[in-house]
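[1] show me how the following folds:
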Amino acid sequence: MNCPTDKQHLVERVRQNKADEKVVSRLDGLKQDHFDGPNEVRKAFLGQ
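    Numbering: from 1, shown residues only. Predicted coordinates:
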């Protein structure tokens, strides 16, 4: 995945990679809409 990215592209990519639907749903539910890199995704996903 290329960064920066937005939530829509992130969700599409994890779906394409056959991620568990719980992961897809959690990513789709994030309040943050833009990510500058994997660490930002991780922090948002883990609620940090």
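[2] now do the helices in this protein.
    7-16, 21-28, 38-46 (DSSP state H).
[3] for residue 24, give me its contacts.
    11, 14, 15 (CB atoms under 8 Å, 6 or more residues apart in numbering). For every residue, glycine as well, the C-beta is placed using N, CA and C.
[4] report pLDDT for the closest residue to the second one other than its chain neighbours.
    Setting aside the residues directly before and after it, residue 14 is nearest to residue 24 in space (CB to CB, 6 or more residues apart in numbering), at 5.6 Å. We note a pLDDT of 97 for residue 24 in this prediction.
[5] with residue 27 instead?
    95.
[6] pLDDT weak spots in this structure?
    For the chain, the stretches flagged by pLDDT under 70 are 48.
[7] residue 35 - how many residues pack around it?
    Using other CB atoms under 10 Å, residue 35 has 22 other residues around it.
[8] how near is the residue nearest to it when sequence neighbours are not counted to residue 27?
    In this structure, residue 35 finds its nearest non-sequential neighbour in residue 41, 4.9 Å apart by CB to CB, 6+ apart. The gap separating residue 41 from residue 27 is 8 Å, by CB to CB, to the nearest Å.
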